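In: only geometry, no sequence info:
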């Protein structure tokens, strides 16, 4: 969720569809208990609103979030909501919230002016900017009443604008064109060379990426952008158990990410191994321990990248499952089935009972969900540090994320030519990452 950061004079303005006496959140469901992160978030806003409106009783109120229990993410212009679907409430004072599913957000902000949405003039953009909505994914999660009043236009026009913004976000995310300097042509080159996720870009070698995009400066800038998109755990050398001295020595040699470290550790020739031993400062140790130390560092780096890349794999909407009607989407939601992944792992009898379809029809829906769920995604969507790892897994018939999780540790270890405990670490990293989404 995102609290719409309207400028002060918009908080209680009728143009955002909110008056204190209305209490439009009545009939909505309070989220209780709230996660700690949301409680802190609300507390921070409570201070801001109390300073702006000290006579509203905000300071003494217990913050709460109310949400329309029937809310479903819009899939086209016809399903865009007319009114806010959630509110942050402080006693009798409430502020509308936009609900932004991951499919409605870009990993990094994209100015409205740079979004692939046609027909937006400068005056329209200025009006959105005036209420602190400068990015395209901010529009994608709005409701028509707000846009109608903000732009002084008909509801149908607002529905199409919001829907087109959502489509623009999907296009940006699919093409990696939310990165400054990445257009369609560069995007195709990146995907062709398997630089198809933020984690892979954050861990890319600048020279190798320059070979793909055709420009070393652009390669470096894209890498730096990617490192701000993903967590530091995904790429930073200091997060894999290396000392400050080791990190600085590696950086001086041009190794600045987990991916580059894995690439260096993967080289088995004597000269490359000797270089890495010196860079890690372990040449004074027993040579028999070198391989163990390097393999442990390599495994930790792979696990960090794998976990983060798995955590960034988006859940698939039920709307994308063939055969699931809007009506049944609501029924499934009431049964706790809110994503394609939930449906893929459900029991046919439960789905039949929830939706009123036959068990045979329910099993078809489950099979359809399995075809598009995260578990069916190509294993190369995970960042292991190099393409060879994914290719080795595929060579052992471990082609999908689900297959990697389900495979025996021995099979994964044989495919990657690593110790069993290293294989277990990779599998656990994938499981943990998927749980963090």
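Out: Received, thanks. Computed from a predicted structure; not experimentally measured.
In: Looking at this protein, which helix is longest?
Out: helix 287-311 (DSSP state H).
In: Can you name the next helix or strand after it?
Out: Counting by DSSP states H and E, the next helix or strand C-terminal to helix 287-311 is helix 326-334.
In: Which residues does that next one contact?
Out: 70, 72, 79, 318-319, 324, 338, 342-343, 351, 354-357 (CB atoms under 8 Å, 6 or more residues apart in numbering). Yep, even glycine has a C-beta here, placed from its N, CA and C like the rest.
In: mind listing the helices in the stretch 151-300 of the chain by residue range?
Out: 155-175, 184-192, 198-202, 206-213, 216-229, 244-252, 258-266, 270-280, 287-311 (DSSP state H, counting those that start in this stretch).
In: how far off helix 244-252 does the longest one point, in degrees?
Out: Using axes from the mean of the first three to the mean of the last three CA atoms, to 10 degrees, the inter-axis angle of helix 287-311 relative to helix 244-252 is 70 degrees.
In: Could I get the pLDDT score of the closest residue to residue 411 other than its chain neighbours?
Out: In this structure, residue 411 finds its nearest non-sequential neighbour in residue 396, 6.2 Å apart by CB to CB, 6 or more residues apart in numbering. Turning to residue 396, the model gives it a pLDDT of 95.
In: domain parsing for the protein?
Out: 2-173, 184-230, 318-376 (automatic domain parsing).
In: Export those domains as CSV, with columns for mean neighbour count, distance to residue 270 and mean pLDDT.
Out: Converted to CSV, the domains of the chain look like this (neighbours: other CB atoms under 10 Å; distance: least, CB to CB, whole Å; pLDDT from 0 to 100):
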stretch, mean neighbour count, distance to residue 270, mean pLDDT
domain 2-173, 17, 41, 85
domain 184-230, 19, 22, 96
domain 318-376, 18, 41, 85
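In: so can I have a markdown table of the helices of the stretch 151-300 of the chain showing distance to residue 46?
Out: Output for these, formatted as a markdown table (distance: least, CB to CB, whole Å):
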| stretch | distance to residue 46 |
| --- | --- |
| helix 155-175 | 29 |
| helix 184-192 | 42 |
| helix 198-202 | 33 |
| helix 206-213 | 45 |
| helix 216-229 | 29 |
| helix 244-252 | 40 |
| helix 258-266 | 39 |
| helix 270-280 | 49 |
| helix 287-311 | 30 |
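In: With respect to residue 86, which of these lies nearest?
Out: Residue 86 sits nearest to helix 155-175 of all the helices of the stretch 151-300 of the chain, at 15.9 Å, using CB to CB.
In: any chance of the domains of the chain in JSON lines, plus distance to residue 392?
Out: As requested, the domains of the chain are exported to JSON lines (distance: least, CB to CB, whole Å):
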{"stretch": "domain 2-173", "distance to residue 392": "28"}
{"stretch": "domain 184-230", "distance to residue 392": "14"}
{"stretch": "domain 318-376", "distance to residue 392": "20"}
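In: and of the ones you listed, who's closest to residue 416?
Out: domain 184-230 (17.2 Å).
In: centre of the chain versus that closest one, how much separation?
Out: Mean-position distance between domain 184-230 and its chain equals 18 Å (CA atoms, centre = their mean, to the nearest Å).
In: same question, stretch 99-109
Out: Distance, centroid of stretch 99-109 to centroid of chain: 8 Å (CA atoms, centre = their mean).
In: Not counting its own residues, what contacts that stretch?
Out: Applying CB under 8 Å, 6+ apart, the external contacts of stretch 99-109 come out as 1-2, 67, 71, 73, 85-86, 134-137, 140-141, 166, 169-170, 172-173, 178-179, 198, 225, 228-229, 312, 314-315, 317, 437.
In: And stretch 63-79, by the same measure?
Out: 1, 25, 28-32, 34, 38-39, 42-43, 45-46, 80-81, 85-90, 94, 97, 99, 101, 103-104, 156, 159-160, 162-163, 166, 317, 319, 326, 329-330, 333.
In: Good, we can wrap up now.
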